[in-house]
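*Asks:* Have a look; sequence and predicted model below, questions after that.
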Amino acid sequence: MIKKIFFILIITLVFSCKKKKNLLITVNEIPLIQYYRIDQKNIAIISSDFHMSLKEQELTKNGIRLALNYNYENSKNEFIKALTINPKSCITLNNLGNLEVIMKKFPKAIDYYKKSITLSDSTYYPAILNLGKIYGFLGEDKKADKHYNYIIKKSEIDFLIGISYLGLSEMYLDYGWIDKAKLSIDMSESILINYHDFGSQIDILKKKIKEY
C-alpha cells in the first residue's frame, strides 16, 4: 500500500527573515505537488506518494513541520533519524540537502543532492532541480544548465518545467546572457500562465531583462 508522506523541495538560496504564515498551494494531484512562497522570489515545493516505513513517515512529517516553522536545526535532527533507518532514501537525502541550502552550507547540500540523484537513478527530479539552482548560484553555469534542461526534457509535470525555465532565465540574466534569458522567461511565462502567483515575479524579471 502506498503511504502518502511529504517531503520538501526548496527552490531557494536566500530566505526572507520575515516570518509569515505559510499557505500551501496544490499544483498537481498525482503525484501530489504543493508549494508555499517564502518571499517574492523564492518558493518551497512539497510532494508525496513514496514508499517509507511508518517510522520514516513520522520523522519526515515532523521534520517538515519543524522546517515550515523555521526550526531548521530540529528539523535536520528528524531527517537524520529517518536517514539512520533508511540510508538510501533519496527523499530524506533531498530534505537534508534543502536544509543545508537554507543554512548556506552548499558543499554539504550538493553532496546530499548528488546522493539522492544517484540512488534514484536520476529519476528524482526535485534533487536535480535543487542541484541546478545551487550550481547556477555558485557560477557553474554549464552544470546548472545541464540539470535544468534534464528536468525540461524528462519531466511530464508542467510546473516543474516552468520553474526550470524560470531558474534558467534568472541565471542567464545574472551572467548577462540576455538573449537566452529572454527565451527562457518567455517559455516560463507560457507554461506558468495559469499559476497566477508567479505573475509578478515573471514581470519583474522581464523588466530587468528588457532594461539590461
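*Replies:* The structure has been received and is ready for your questions. Only a predicted model underlies this, so the values are computations on that prediction, with no experimental measurement involved.
*Asks:* Do a quick rundown of the strands in this protein.
*Replies:* Applying DSSP state E to the chain gives strands spanning 7-11, 25-28, 33-37, 43-47.
*Asks:* just checking, which of those strands comes out with the lowest mean pLDDT?
*Replies:* Mean pLDDT is lowest for strand 7-11 among the strands of the chain, at a mean of 49.
*Asks:* gap between stretch 67-79 and the chain center?
*Replies:* Offset of stretch 67-79 from its chain centre (Cα atoms, centre = their mean, to the nearest Å): 17 Å.
*Asks:* Contacts for the lengthiest helix in the chain next, please.
*Replies:* Identified as the longest helix of the chain according to DSSP state H is helix 158-175. In this structure, residues lying in contact with helix 158-175 by Cβ atoms under 8 Å, 6 or more residues apart in numbering are 11, 27-28, 33, 43, 45, 125, 129, 132-133, 136, 141, 144-145, 148-149, 151-152, 155, 178, 180-182, 184-185, 187-188, 191-192, 195, 198, 201-202, 205, 208-209, 212. Placement of C-beta: from N, CA and C, glycine included.
*Asks:* Show me which of the residues you listed are buried.
*Replies:* 11, 27, 33, 43, 45, 125, 129, 132-133, 136, 141, 144-145, 148, 151-152, 155, 180-182, 184-185, 187-188, 191-192, 195, 198, 201-202, 205, 209 (16 or more other Cβ atoms under 10 Å).
*Asks:* Output the lowest mean pLDDT helix or strand found in this structure.
*Replies:* The helix or strand with the lowest mean pLDDT-type score in the chain, counting by mean pLDDT, DSSP states H and E, is strand 7-11 (a mean of 49).
*Asks:* The nearest residue in space to Asn86 that is not next to it in sequence - how many residues pack around it?
*Replies:* Nearest residue to Asn86, sequence neighbours excluded (Cβ to Cβ, 6 or more residues apart in numbering): Glu56, at 5.9 Å. Taking other Cβ atoms under 10 Å as the criterion, the count of residues near Glu56 is 23.
*Asks:* For Glu56, give me its contacts.
*Replies:* Listed by Cβ under 8 Å, 6+ apart, the contact set of Glu56 reads 5, 82, 85-86, 89, 92.
*Asks:* Apply 6 Å and report the result again.
*Replies:* Going by Cβ atoms under 6 Å, 6 or more residues apart in numbering, Glu56 touches 82, 85-86.
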